[in-house]
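Undergrad: Okay, sequence plus prediction incoming.
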Amino acid sequence: MSEKGPASYFPSIEKTYGLPVQHWLDIAADQLASGSTHMQVVESLKTEHGLGHGHANAVVAYAKSKRAG
């Protein structure tokens, strides 16, 4: 069974950027924990780390869901 939602992007994220998805999740979680909004973290991943918008959004959405859960 394939992943649904944000996690469905993870194989592509790892292939595209050459780092484990946990690397990006940790960055997103740290920024969320320090009070950044969803879109602020998306912008940070895009501008500071070079992720595409869809990939950055998926990472942040997943990180947020794990924080809430």
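TA: That came through, no problem. Numbering: from 1, shown residues only.
Undergrad: so where's this structure shaky on pLDDT?
TA: 1-2, 69 (pLDDT under 70).
Undergrad: which residue ranges form the helices in it?
TA: 10-17, 21-33, 38-49, 53-68 (DSSP state H).
Undergrad: Buried ones in stretch 28-38, by neighbour count?
TA: By 16 or more other C-beta atoms under 10 Å, the buried positions in stretch 28-38 come out as Ala28, Ala29, Gln31, Leu32, Ser36. C-beta: built from backbone N, CA, C; applies to glycine.
Undergrad: Need the helices of the chain in TSV (columns: distance to Glu3).
TA: Formatted as TSV, those follow (distance: least, C-beta to C-beta, whole Å):
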stretch	distance to Glu3
helix 10-17	7
helix 21-33	11
helix 38-49	19
helix 53-68	10
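Undergrad: So for the protein, the centremost residue is which one?
TA: Closest residue to the average C-alpha location of the chain: Val59 at 1.7 Å, with C-alpha atoms, centre = their mean.
Undergrad: Now that one. Nearest residue, chain neighbours left out?
TA: Among residues not flanking Val59 along the chain, Trp24 sits closest, at 4.6 Å (C-beta to C-beta, 6 or more residues apart in numbering).
Undergrad: Could you check how far that neighbour is from Gly54?
TA: 13 Å (C-beta to C-beta, to the nearest Å).
Undergrad: Looking at those two, which one has more neighbours?
TA: Trp24 (24 against 13; other C-beta atoms under 10 Å).
Undergrad: Am I right that that one is in contact with His49?
TA: Yes. Taking contacts as C-beta atoms under 8 Å, Trp24 lies within contact range of His49: 7.5 Å.
Undergrad: Contacts only, for the closest residue to Thr16 other than its chain neighbours.
TA: Nearest-residue entry for Thr16: His55, 7.0 Å, with adjacent residues in sequence omitted and distances by C-beta to C-beta, 6+ apart. Contacts of His55 were listed using C-beta atoms under 8 Å, 6 or more residues apart in numbering, and they are Tyr9, Ser12, Ile13, Thr16, Tyr17, Trp24, Leu45.
Undergrad: Could you do Ala63 as well?
TA: Going by C-beta under 8 Å, 6+ apart, the list of residues near Ala63 reads Leu25, Ala28, Ala29, Leu32, Val41.
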